[in-house]
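Student: Have a look at this prediction, sequence included:
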Amino acid sequence: MSSTAPESRVVLVTGGNRGIGRAIAEEFVAQGHQVAVTARSGTGPEGTLTVVADVTDAASIDAAFTEIESKLGPVEVVVANAGITRDMLLMRMSDDDFTQVIDTNLSGAFRVVKRASKGMMKARFGRIILVSSVVGLLGSAGQVNYSASKSGLIGLARSLTRELGSRGITANVVAPGFIETDMTAALPTEQQDAYLKQIPASRFAQPQEVAKAIAWLASDDAAYISGAVIPVDGGLGMGH
């Protein structure tokens, strides 16, 4: 444990109104940080500032940052979590199915990070955390678009590390496995059992377990970790 209390940071979580994003925002609030979330609709958890933004639109991202900067201050920690899926076998996948997923999950992270980097360079401090997925490295049938977008985040983080590392800015990737959400709960029991058989931990993760790994990467304790891929997957993707 650090000898002094951790400093309160201004944190932005994209897609922080539901699922893993919401759990991430809640964890940062619980740790005493000032937290903003972007959402296309809905609101973030209690204690957060919700700004409406669409990660596929650079002007919308710029406006969101301007609002956060005026209300909370410059963003010091950015968690690029917003993502979509358009699952389909390759033969049936349209160009739109592919490009929309890339534009949200990968290009969206680029737009957010680019805007955040201005303040981080000035402050000579920053934590960039990109939320990938075990399928970014393991692959998944019916998800060539999603898997490619999540894998691309690794190249993004590692290049950012080389560009920004000397300015006190780190860039890391967290790769969650199967998470217990409304979506996994709705799966047929046989399908859930088939997934569980592949996971050495024999259970799905709680969203909070992903959130705690991300909060740690944002902390002063992780200042010398950059360009890393941290799996939170119960051992599912080992060796990747």
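Tutor: That came through fine. Numbers count the residues shown, from 1 in each chain.

Student: Please report the distance of G47 from V11.
Tutor: Using C-beta to C-beta, to the nearest Å, G47 is found at 11 Å from V11. C-beta coordinates here come from the backbone N, C-alpha and C atoms, glycine included.

Student: again, but for D233
Tutor: 24 Å.

Student: give me the number of residues near Q198?
Tutor: By other C-beta atoms under 10 Å, the residues close to Q198 number 14.

Student: And the pLDDT for it?
Tutor: Looking at Q198, its pLDDT stands at 94.

Student: now the one 5 residues further on
Tutor: Reading off the confidence values, R203 has pLDDT 94.

Student: Parallel or antiparallel, which strands does the strand ranked longest in the chain pair with?
Tutor: For the chain, the longest strand by residue count, based on DSSP state E, is strand 169-176. Strands adjacent to strand 169-176 in the sheet, as given by DSSP bridges, are strand 126-131 (parallel), strand 229-232 (parallel).

Student: Out of the ones you listed, which is the most enclosed?
Tutor: Comparing the strands paired with strand 169-176 by mean neighbour count (mean count of other C-beta atoms under 10 Å), strand 126-131 comes out on top with a mean of 27.

Student: Please say which of G47 and V11 ends up with more neighbours.
Tutor: V11 (30 against 13).

Student: ok, the host helix or strand of that one: who's next to it in the sheet?
Tutor: V11 is part of strand 10-14, with elements assigned from DSSP states H and E. Neighbouring strands of strand 10-14 in its sheet, by DSSP bridges, are strand 34-39 (parallel), strand 77-80 (parallel).

Student: wouldn't A222 be in contact with A215 here?
Tutor: No. In this structure, A222 is not within contact of A215 by C-beta atoms under 8 Å, at 9.6 Å.

Student: more neighbours, those two?
Tutor: A215 (23 against 18).

Student: And for the helix or strand hosting that one, what's in contact with it?
Tutor: Assigned by DSSP H and E, A215 falls within helix 207-218. By C-beta atoms under 8 Å, 6 or more residues apart in numbering, the list of residues contacting helix 207-218 from outside reads 9, 11, 19-20, 22-24, 26-28, 31, 77, 79, 127, 129, 131, 170, 172, 174, 176, 179-181, 222, 225, 230, 232.

Student: What angle do strand 10-14 and it make with each other?
Tutor: Orientation check (axes from the mean of the first three to the mean of the last three C-alpha atoms, to 10 degrees): helix 207-218 against strand 10-14 gives 130 degrees.

Student: Quick one: mean pLDDT for helix 207-218?
Tutor: For helix 207-218, mean pLDDT is 98.

Student: Put the alpha carbons of it into CSV.
Tutor: Taking C-alpha atoms only, helix 207-218 is exported to CSV below (Å, rounded to 0.1, in the frame of the first residue of the first chain):
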residue,chain,number,x,y,z
PRO,A,207,-18.0,-6.7,-13.6
GLN,A,208,-16.3,-5.4,-10.5
GLU,A,209,-13.3,-7.7,-11.0
VAL,A,210,-12.6,-6.0,-14.3
ALA,A,211,-13.2,-2.6,-12.8
LYS,A,212,-10.7,-3.2,-10.0
ALA,A,213,-8.0,-4.2,-12.5
ILE,A,214,-8.6,-1.0,-14.4
ALA,A,215,-8.6,1.2,-11.3
TRP,A,216,-5.2,-0.3,-10.3
LEU,A,217,-3.7,0.4,-13.8
ALA,A,218,-4.9,4.0,-13.3
